[in-house]
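From the sequence below, what's the structure:
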Amino acid sequence: MNGKIDLTVPTRVGEWLREMGFSPVTRADPKANWLFEVTYPPGHIRVGVGNPKAMPRSVTIACRLTATTEQVAAFRNLEEDSKREFWQTLRATLNREFVEFQIEGMRLSDCPIAFQVTAIRFDDGLSLDSLARTMSSVNKACIDACAIFEERLGSAGPASGGEFEFKRLGVQ
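Numbers count the residues shown, from 1 in each chain. Model (predicted):
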C-alpha cells in the first residue's frame, strides 16, 4: 500500500464495530482521516477508533479518562508514601502488553490529571478478531486503572473524557 489510505478500511471497521454490538458515531478530528466513537462495553467507557493522518495504514484505539475533582482532593490528603505507592501501582497497572499509556501530571506529589491508553493495529494485521482483541486490551487497562482511582481515592472512578485528538496521542 506504500503509505496510501485504503478507503475501504473505515467502512469495514464501522461494520465490525456494529457486529461487535457497538453503535459507532462518526467524529471529526483535524489530525485524523476518520474517527469513530463507541462506548465499551456499551454504556460505559468512551473509546475512539480512528486513523491518524500521520500513520495512514494504522487504526488507533484510544481511551482518555480524567480524575474527578473529589479524587484530586482525596489525593492531596494522602501521605507522601501513599502518593508514591499510588503512582507506582497506576504505572504498573497500565504497563502491559499490547497497549501504550500516557499519564498527565507527572509529579509524584500531584494527582494524575488524566491518563490515556492507546493501541495501534496496522492494515496488514487488521481483522475483526484483531480489532476486537485490541479494543479489549485497551478497555481492560482502562477499567483496571479506574479501579486504582476508585479503591484509593473513592468516588465512581475517572470520567471518560472522550478526547481522542491524535495530537494528544503523539502521532501528529
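
Tell me the backbone dihedrals of L35, please.
Main-chain torsions, L35, degrees, to the nearest 10: phi -150, psi 130.

residues contacting it?
T26, R27, A28, D29, G48, V49, G50, N51, F164 (Cβ atoms under 8 Å, 6 or more residues apart in numbering). Where C-beta positions appear, they are placed from N, C-alpha and C, glycine not excepted.

of all those residues, which comes closest to T8?
The nearest member of these to T8, counting by Cβ to Cβ, is N51 at 11.9 Å.

and that closest one, how many neighbours?
Using other Cβ atoms under 10 Å, N51 has 24 neighbouring residues.

Does anything pack onto the strand or helix carrying R152? Which helices or strands?
In the assignment (DSSP states H and E), R152 maps to helix 128-153. Counting contacts by 3 or more Cβ pairs under 8 Å, 6 or more residues apart in numbering; DSSP states H and E, helix 128-153 is packed against helix 9-19, strand 32-40, strand 45-52, strand 58-66, helix 69-76, helix 80-94, strand 114-122.

S136 is nearest to which of those?
Closest approach to S136 among the helices and strands packed on helix 128-153 (Cβ to Cβ): strand 32-40, 8.4 Å.
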